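Participant: 3D, please:
(one chain, ligands or ions: 2)
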Amino acid sequence: MLLGALEGGGTKMVCAIGDETGAVHEQLSIPTETPDITIPRLLEYFRKFPIEALGIASFGPVDLNPASPTYGYITTTPKLAWANYDFMGVFKRELQIPIGFDTDVNGSALGEQTFGCMKGVDCGIYLTVGTGVGMGVIANGKLLHGMLHPEGGHVLLARHPEDTFPGKCPFHPNCIESLASGPAIEARWGKKAIELKDDAKVWDLEAYYLAQAIVNYIVILSPQKIVLGGGVMHQTQLFPLIRAKVKELLNGYLHTKEIEDIDHYIVPASLNDDQGIMGCLQLAVLAKG
Ligand code: ADP
Ligand code: ZN
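Facilitator: Ligands and ions are numbered 1, 2, ... in the order given. The predicted structure follows:
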C-alpha cells in the first residue's frame, strides 16, 4: 500500500512516500515558508503518487480533538503565518484521502513504537532535544492527547546553583526547553553545541537538567522505555551521564527491572533519524483503518 508521510517542522517540511512496513521509497525536504508558498509545493509532491492515505506529524501546538471545530489546525504558534492554520484540512480537501494527524514528537514516538525500540511497549516516552524540547507519549498502547497534547518540554526544573543563564523559553525561565535546548546551550556557552563536544562541564550541566525532567516523567507516567532523540542527543556521551544522574535523583525510591537495567531503559532513538517520517507512515496506516 503506497502511503504519504509529512513531517511538518518550523524550519523544514520533510515529505516522503513509503508503505506500511515503514519502508521509505523516496523523500524530499523543502523549507517552511508561508502556507501560500509551501502548501502548493507539498500538494504538488503528493499528487505525483497514487497514495491511499497521508500521515502528518506537525509542529504545534496543534488541535487534536476530533470534536473540535479547529481539529487539525496549528493553533497558537509564534510562527504567525501558520497560526490558526487548517493544516490537516487543506490536505483532506485537496487530496480526498484519509489523513492521520498528530504532533511531531508523537509521530516519532509512534515510529519507535511501531518499527523501533519501543515495539511492544505499552507506555513509553520519546523526547527530542533539538531546537526545542518536545515529548511524545504512548500510554496504554496509544498516543496520548488529553486536553491538548503533552508539553513535556516545558516541565519546570530546579536550577543548578551556579547557572546564571537567563533561559531561552519566552514563557518560563526554568523549563527544560529554556535551559537545555540546542539554542540554550549555544546562548549559554557562546558556541554551537557540536563545537562544545569536548567540554565536560557543558554535558554535565545538560545531563543535570535532562535527568531532572526524566525523573519527573518517570514518576508521573511510569514509562517502560524512554527514548531520547534530536540533534543534541547525537552527543552520545550524554547517555551515561543522564542515566547516572537519574539513579542519583531517584535515590533508591523505585525498584523495577527497567530501572535496574537502566542502559536499556533510557536509550537513543533507534531508527537512524527516520523515526519521525516512519511514524507518519504509521499515522497514515491508522487513518486508513
Ligand atoms: P529540529 O529540532 O529543528 O528539528 P534538530 O533536532 O537537529 O532539529 O536540532 C537542532 C539543534 O540541535 C541545534 O540547536 C543544533 O545546534 C543542535 N545539534 C544538531 N546536531 C548536533 C550534534 N551533532 N551535537 C550537538 N548538538 C547538535
Ligand atoms: Zn517553557
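Participant: what sits against the residue of the stretch 51-200 of the chain found nearest ligand 1?
Facilitator: In the stretch 51-200 of the chain, the residue that lies nearest ligand 1 is Gly182 (2.0 Å; CB to the nearest ligand atom). In this view, the C-beta of every residue, glycine as well, is placed from N, C-alpha and C. Contacts here follow CB atoms under 8 Å, 6 or more residues apart in numbering; on that basis Gly182 touches Val129, Gly130, Thr131, Ala193, Gly230, Gly231, Val232.
Participant: number of residues surrounding the second one?
Facilitator: Spelled out, it's Gly130. A total of 17 residues lie near Gly130 under the criterion other CB atoms under 10 Å.
Participant: which parts of the protein sit against ligand 2?
Facilitator: Neighbours of ligand 2 within the chain, by CB under 5 Å from the ion: His154, Cys169, Phe171, His172, Cys175, Glu177.
Participant: find the nearest non-adjacent residue to the third one, please.
Facilitator: For Phe171, the nearest residue in space outside its immediate sequence neighbours is His154; the separation is 7.0 Å by CB to CB, 6 or more residues apart in numbering.
Participant: my guess is the one you found meets Cys169, correct?
Facilitator: Yes - when contacts are counted by CB atoms under 8 Å, His154 is listed as touching Cys169 (6.9 Å).
Participant: between the two, which contacts overlap?
Facilitator: Each of Cys175, Glu177 lies in contact with both His154 and Cys169 under the rule CB under 8 Å, 6+ apart.
Participant: close to ligand 1, is stretch 27-37?
Facilitator: No - using CB under 6 Å from any ligand atom, stretch 27-37 stays clear of ligand 1, coming no nearer than 10.3 Å.
Participant: quick one: Ser68 is in a strand?
Facilitator: No - when DSSP: H, G, I helix; E, B strand; the rest coil is applied, Ser68 is found to be coil, with no strand at that position.
Participant: so what's the residue count around it?
Facilitator: Neighbour tally, Ser68, other CB under 10 Å: 11.
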